[in-house]
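Colleague: based on what follows, work out the 3D shape:
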Amino acid sequence: IRDRVYADRYQLALLGMGGPDGNSWYDPFGFEPRNDPAVIDWLLADTARRDSTSERSIDLLLSRTIGVLPGLPIGVAAGLQYREQELDQRVDDNFILLDIWWEQDPVSADRDIGAAYVEFNLPMFDSLEAQLALRYEEYSDFGSTTNPKIALRWQPLASLMLRGSWATSFKPPSFLELYTPLNSWWGRYRDTVRCDITGLPQDCWENDYPAEGDGNPDLDPEEGESWFLGMIWELPSLPGFEFQLDFWKFNHQDRVQWLSGQYVLDERGEFGIVREPAEPDGTPGRIILVQETYVNIDTLTTRGFDTSLRYRWTAKSAGNFRAGLMHTHIDRWELTDTIDDQLLNWNVAGDK
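Modeller: The predicted model follows:
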């Protein structure tokens, strides 16, 4: 970052105490006479911020057949995995001293992940196939987890295939969600809480307020459960045409989400809303700072379906072509009421 301004030096120069000798003025309009180049050089500096992330992994995989079911081989795959993830964020001294909107302390984090997994492919009949899988993972910073998966595939007709699955999942917070450095900005918010009480235009309009946000090292990992049920149909009378329909449902426990100040205000909460002292009649004071961060919400349930139409054809003189149309419909996106309890009872300034 080139030619950034030292905030404290800028203030001194406006008061006539700038420059190498501490006795020079800086004119912010600076047309005629122009500012002394020595003062300009004294005000400016170059700075740098360096981010580095890396991931290394070692995988060992074994697959083979182990017998038969109704005349078809049983497939099995098993493996071991080891991963290392690292984050290193550093800035030079000027970055801290200069008037940078993102003031950052050095951040260094790492985690090791060990995993073992096994998967069976079970051809129960010519047209029916099952899949059973199990994965165990151990995280150096978030403990261990075991997650199964069960899937079925049935093809009653050559042109029709039905499938379904159930599985669980585990996801630790990312380094970004845990360790994003504190940064500040001006955000536009509507103070719904005061508006409900006073009805005054200055409370009911959207106004600019100072805001800040960062990562949350106290986050818990997400856990999930998923269901899929779908079909693929190929039209026999039109080779190359394919219709696909999939229904899905996800339950996420402790889902990590950035909690915006406007959502808190709309829910009449207090999370991260720093105010002036209450007025004599009990009306909450005006907002002086909005604090935002990542939080774990209790449960998020989503449900919907995906539809797709695809058509492939070949033109001898022009080549292969493919056209498709895809559509996703979400008919449920529901948070439990627990998040509202958190908003009402947790103040970031006091508890975070």
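Colleague: which residues in the stretch 151-300 of the chain form helices?
Modeller: Assigned by DSSP state H, counting those that start in this stretch, the helices in the stretch 151-300 of the chain fall at 175-179, 192-198, 201-204, 261-266.
Colleague: mean neighbour count, the ones you listed: which tops it?
Modeller: Comparing these by mean neighbour count (mean count of other Cβ atoms under 10 Å), helix 261-266 ranks first with a mean of 20. For every residue, glycine as well, the C-beta is placed using N, CA and C.
Colleague: so what's the gap between that one and the chain middle?
Modeller: When C-alpha coordinates are averaged (Cα atoms, centre = their mean, to the nearest Å), helix 261-266 and its chain have centres 19 Å apart.
Colleague: model confidence over it, on average?
Modeller: The average pLDDT within helix 261-266 is 90.
Colleague: list the helices and strands that helix packs on?
Modeller: Helix 261-266 sits against strand 183-190, helix 192-198, strand 273-275, strand 287-315, with contacts defined as 3 or more Cβ pairs under 8 Å, 6 or more residues apart in numbering; DSSP states H and E.
Colleague: who's in contact with it?
Modeller: In this structure, residues lying in contact with helix 261-266 by Cβ atoms under 8 Å, 6 or more residues apart in numbering are 187, 189-193, 211, 270-273, 290-292, 343.
Colleague: cool, and stretch 56-67?
Modeller: Applying Cβ under 8 Å, 6+ apart, the set of residues contacting stretch 56-67 from outside is 73-84.
Colleague: now swap in stretch 150-157 and tell me
Modeller: Under the contact criterion Cβ under 8 Å, 6+ apart, stretch 150-157 has outside partners 127-133, 161-167.
Colleague: neighbour-wise, which one of these leads?
Modeller: Scoring these on neighbours with other Cβ atoms under 10 Å, the highest-scoring entry is residue 129 at 19 neighbours.
Colleague: ok but that residue is inside a helix, no?
Modeller: No: counting by DSSP: H, G, I helix; E, B strand; the rest coil, one finds residue 129 to be strand, located in no helix.
Colleague: ok, for it, nearest residue in space, not its chain neighbours?
Modeller: In this structure, residue 129 finds its nearest non-sequential neighbour in residue 153, 4.5 Å apart by Cβ to Cβ, 6 or more residues apart in numbering.
Colleague: identify all residues paired with the one you found through a beta bridge.
Modeller: For residue 153, the residues forming beta bridges with it (DSSP bridges) are residue 129, residue 163.
Colleague: look at it and report its pLDDT.
Modeller: Predicted confidence (pLDDT) for residue 153: 94.
Colleague: so how far is the strand or helix carrying residue 50 off the chain centroid?
Modeller: Assigned by DSSP states H and E, residue 50 falls within strand 49-69. Computed by Cα atoms, centre = their mean, the separation of strand 49-69 from the middle of its chain amounts to 24 Å.
Colleague: pull the CA atoms of that strand into CSV?
Modeller: Coordinates of the C-alpha atoms in strand 49-69 are reproduced here as CSV (Å, rounded to 0.1, in the frame of the first residue of the first chain):
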residue,chain,number,x,y,z
ARG,A,49,0.1,-6.6,4.8
ARG,A,50,1.0,-10.2,4.0
ASP,A,51,-1.4,-13.2,4.2
SER,A,52,-0.2,-16.7,3.8
THR,A,53,-2.3,-19.9,4.0
SER,A,54,-1.2,-23.4,3.3
GLU,A,55,-2.5,-27.0,3.5
ARG,A,56,-0.5,-30.2,3.2
SER,A,57,-2.0,-33.7,3.1
ILE,A,58,-1.0,-37.3,2.9
ASP,A,59,-3.6,-39.9,1.7
LEU,A,60,-3.5,-43.6,1.7
LEU,A,61,-6.3,-45.4,-0.2
LEU,A,62,-7.0,-49.1,-0.6
SER,A,63,-9.8,-50.5,-2.8
ARG,A,64,-10.8,-54.1,-3.8
THR,A,65,-13.6,-56.5,-4.1
ILE,A,66,-14.5,-58.9,-1.2
GLY,A,67,-16.9,-61.5,-2.3
VAL,A,68,-20.3,-61.4,-4.1
LEU,A,69,-23.9,-60.6,-3.5
